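K.L.:
sequence isn't available, so here's the structure alone:
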């Protein structure tokens, strides 16, 4: 039987401190019912809200690097 090892890449990307703040802010908007997708529609799916939050956190990380 093979031992299962976890590589760093399978854990996922790490989020920076400003990114965590952004995720918290976006999820707060979702809970209040204020989060909107790029098309302008209100987000009702939690998984979609998480995807938006992580995407915005990555965008903030990229801006910070420049």
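P.N.:
That came through, no problem. The shown structure was predicted, so the numbers you read here are calculated from the model rather than taken from an experiment. Numbering: from 1, shown residues only.

K.L.:
the helix or strand harbouring residue 25: which residues count as buried?
P.N.:
If you go by DSSP states H and E, residue 25 is part of helix 17-32. Residues of helix 17-32 classed as buried under the neighbour-count rule (16 or more other Cβ atoms under 10 Å) are 19, 22, 23, 26, 27, 29, 30. In short, each C-beta sits where N, CA and C put it, glycine included.

K.L.:
by pLDDT, give me the weakest of these.
P.N.:
When the buried residues of helix 17-32 are compared by pLDDT, residue 19 scores lowest at 82.

K.L.:
quick check, that residue in contact with residue 58.
P.N.:
Yes: contact between residue 19 and residue 58 holds when scored by Cβ atoms under 8 Å: they sit 7.3 Å apart.

K.L.:
remind me which residues of the protein are low pLDDT?
P.N.:
1-15, 60-66 (pLDDT under 70).

K.L.:
in it, which spans are strands?
P.N.:
Along the chain, no stretch is classed among the strands by DSSP state E.
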